[in-house]
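Chemist: here is a sequence with its predicted model. Questions after.
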Amino acid sequence: MVNKFRSFIHETNLFVEKTPILLAVSGGIDSVVMADLFARANFRFAIVHCNFNLRGEESDDDEVFVKQLAQKYQVSCFVKSFDTSGFADLQHISIQMAARQLRYTWFNDLLKEQNYEYIATAHHKNDVLETIIFNLTKGTGIAGLHGIKLKQSQIIRPLLFADRKQIEQYAQEHQLPWREDSSNVDEKYRRNLIRRKVIPVLEEINPKLMETMDMSLERISGTENFFQYAVHELKKKCMYTLGKDVFININKIKNQPGLYVVLHEMIKEYGFQYHQAREIVEAIRRKNPERQSGKVFNSSSHCLNIDRKELIISLISSDPMGTYTITEKEHKLDTDEFDLSLQVLDAHNYRVMPLANIAALDHERLKFPLTLRKWKKGDFFYPLGMNSKKKLSDFMIDIKIPLNLKNRVMVLTSDGDIVWVVGYRIDHRYRLTDNTHQIYEITQHVKSLP
């Protein structure tokens, strides 16, 4: 098995021989076998152990056993004790989730402090099968069908070449002692229930279940890779970023096969759930899509607005936009959403640029300092080309500014007058005329996503 272990590490390019690795050792048979394989393969390693203090003396005895194991292999041993129950209560999460968070936070700190490359966990083929069944039971997409990945950031799983029977046989052949965790037989834990009740039934149906799973995982992994490639290519065709907002062209995606899944893959990084992707698809495929325009979906961090031609994803900001003062001497102003370049130019031979992000105003009519602020209810101005005032709220409806962008519209004011709805329209009263001598030109530079 040592030769298979070394071959697996080499063939998968999991790490090179001299790489320093921390082995997460609980004291159970899986992690004990992993430590022995590392020692016999002459790989560089140290041992880390978490005492979660969940099983009284049994937890303390595990800690003693692991320390003795490290002495046997003459390697460093890092141990940390946690108040797991207290942390779970404080965070309002399950004991299992608390243990996971505490474990991996400490592991990541150790990697940096001790200059190790990876953390190795003792997951094996049976763990992969249990994870797949568990994910299917909860509900999952294609990503949940690959089970446990061989490498994930700085976490590696060097035992994924072996199943539980092979590990048990190796431990017996080499007379390795290990600790039995009493919680592993408690069927109140769902994974134990799968391990003890579900998998034996599946093995009765298919005695070569592990071998079959290997072939299935290979096909699933290939399918997932192709799917991710196809989604990536689709994103390049129909998805773009403008400032801090993300836009998806509706016409370019609405006839895609499997759109529920495809759209969810496109928007899940912004916190949206699969059921929301279904609702969005159903909305954009209805016979009267105009009626759906303006519908908003929220995740914990973003909002998605169905506009007439695009889906618009914006970050939900808990901080209101500030108010800024601009003196006549300033040449630049930075805000969270955009920067403004400010300059005074001679009107002679000046050419007005028909761009929404550039405002050319009659400098002599302006009264400094100017104020940049978020629009508010009751605001009005005289849109360029009109001699009568218009409510800003009506103006935004007329030009069909999407709801999630409307909330971030800012206005530039002079002595209380709105002179520019930033990025959209200047006020008619402050336009350039034949009598204009100097131009106050403002250019908006929208900031991109970090």
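Modeler: Structure's in. What do you need? Numbers count the residues shown, from 1 in each chain.

Chemist: quick one: least confident helix or strand in this structure?
Modeler: Ranked by mean pLDDT, DSSP states H and E, the weakest helix or strand in the chain is helix 190-193, scoring a mean of 81.

Chemist: which other helices and strands contact that one?
Modeler: helix 125-138 (3 or more Cβ pairs under 8 Å, 6 or more residues apart in numbering; DSSP states H and E). (C-beta placed from N, C-alpha, C; glycine too.)

Chemist: how far does the helix it packs on sit from its chain's centre?
Modeler: On the basis of Cα atoms, centre = their mean, to the nearest Å, helix 125-138 is displaced by 23 Å from the centre of the chain it belongs to.

Chemist: give me the residues contacting it.
Modeler: With contact meaning Cβ atoms under 8 Å, 6 or more residues apart in numbering, helix 125-138 is reached by 144-145, 147-148, 160-164, 190-191, 194-195, 198-199, 209-210, 213-214, 217.

Chemist: for stretch 171-184, same thing?
Modeler: Contacts to stretch 171-184, defined as Cβ under 8 Å, 6+ apart, come from residues 26-29, 32-33, 36, 54-55, 58, 61-62, 65, 170, 189, 192.

Chemist: at 7 Å what do you get?
Modeler: 27-29, 32-33, 36, 55, 58, 62, 65, 189, 192 (Cβ atoms under 7 Å, 6 or more residues apart in numbering).

Chemist: same question, stretch 303-311
Modeler: For stretch 303-311, the external contacting residues (Cβ under 7 Å, 6+ apart) are 247-251, 267, 272, 280, 283-284, 290, 292-297, 312-314, 316, 400, 402-404.

Chemist: hmm, back to that, what subset of the contacts of stretch 171-184 is buried?
Modeler: Neighbour counting by 16 or more other Cβ atoms under 10 Å classes 27, 29, 32-33, 36, 62, 65 among the contacts of stretch 171-184 as buried.

Chemist: now the longest helix seen in the chain: average pLDDT?
Modeler: Assignment by DSSP state H gives helix 209-238 as the longest helix of the chain. Average pLDDT, helix 209-238: 92.

Chemist: and that helix, what does it pack onto?
Modeler: Packing partners of helix 209-238 (3 or more Cβ pairs under 7 Å, 6 or more residues apart in numbering; DSSP states H and E): helix 125-138, helix 250-253, helix 259-267.

Chemist: domain map for this protein?
Modeler: Following automatic domain parsing, the chain resolves into domains at 2-205, 234-315, 324-446.

Chemist: as a markdown table, the ones you listed with distance to Gly222 would be great.
Modeler: Output for the domains of the chain, formatted as a markdown table (distance: least, Cβ to Cβ, whole Å):
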| stretch | distance to Gly222 |
| --- | --- |
| domain 2-205 | 10 |
| domain 234-315 | 17 |
| domain 324-446 | 38 |
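
Chemist: select, out of these, the one closest to Thr223.
Modeler: Proximity to Thr223, assessed across the domains of the chain by Cβ to Cβ, is greatest for domain 2-205 (6.7 Å).

Chemist: helix/strand/coil for the residue positioned nearest the centre of the chain?
Modeler: Centroid-nearest residue in the chain, with Cα atoms, centre = their mean: Glu269, separated by 4.6 Å. Classification of Glu269 by DSSP: H, G, I helix; E, B strand; the rest coil places it in helix.

Chemist: that'll do, ta.
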